Every structure is written in structure tokens, then in C-alpha cells.
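Asks: Using only what follows, build the 3D model:
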Amino acid sequence: MYTYKSEILTVSAKWFSDKASPADAAELDGLINARAAEGWELVTYDYMATSLQVKGAFILTFRKEVRE
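Replies: Predicted structure coming up:
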């Protein structure tokens, strides 16, 4: 059995562009690696853009096996 945890990671402002910046990628890697060090496994992620495309966020879901 697994327990799940979802987190929202806000990305930098996207003035007239939908491209990710190197800083965004580094922050995403940092979060994934930090959770992996805690025993969490990345299950899924999705990018959520705002209606004005000014700022967006990733929603990431991690899982960890529950040992009884």
C-alpha cells in the first residue's frame, strides 16, 4: 500500500513566453531530489497555466510505500 502527497511548485513569471527557464528546471530538480531523499517517488506531474499565461505552476504527486 502507498501513501500519496501532492505539491504545487510555482514557476517564474512568463511574460509573453511559455518557455521554462533554467532556474525553473533547477527548482523542479531540487524538489524532486529532495523528496526522493525522503523516500518519496515521483508518480505524476502536470503544468497548470493561468488564463493570462503570466505565471504557472507544476503539480507533482509523490508516493511512498507504507510498511506495516
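Asks: Centre of the chain to stretch 42-52, how far?
Replies: Remark: stretch 42-52 is offset 8 Å from the chain centroid, using CA atoms, centre = their mean, to the nearest Å.
Asks: could you give me the average pLDDT of stretch 41-55?
Replies: Mean pLDDT, stretch 41-55: 80.
Asks: Can you give the contact residues for the helix or strand Lys5 falls within?
Replies: Following DSSP states H and E, one finds Lys5 within strand 2-10. The contact list for strand 2-10 (CB atoms under 8 Å, 6 or more residues apart in numbering) reads 27-28, 31, 35, 40, 43, 55-66. Quick note: C-beta positions are derived from backbone N, CA and C, even for glycine.
Asks: please redo it, this time with the cut-off set to 10 Å
Replies: Residues outside strand 2-10 that contact it (CB atoms under 10 Å, 6 or more residues apart in numbering) are 24, 27-28, 30-32, 35, 38, 40-41, 43-45, 47-48, 55-66.
Asks: hmm, who's touching whichever helix or strand comes after that strand?
Replies: Next in sequence after strand 2-10, counting helices and strands by DSSP H and E, comes helix 22-37. Helix 22-37 is touched from outside by 5, 7, 9-12, 14, 20-21, 40-42, 45, 56, 58, 60, 62, 64, with contacts defined as CB under 10 Å, 6+ apart.
Asks: ok, the nearest residue to Val11 once chain neighbours are set aside to Glu68 distance?
Replies: Leaving aside its sequence neighbours, Val11 sits nearest to Asp24 (CB to CB, 6 or more residues apart in numbering; 4.7 Å). According to CB to CB, to the nearest Å, Asp24 stands 39 Å off from Glu68.
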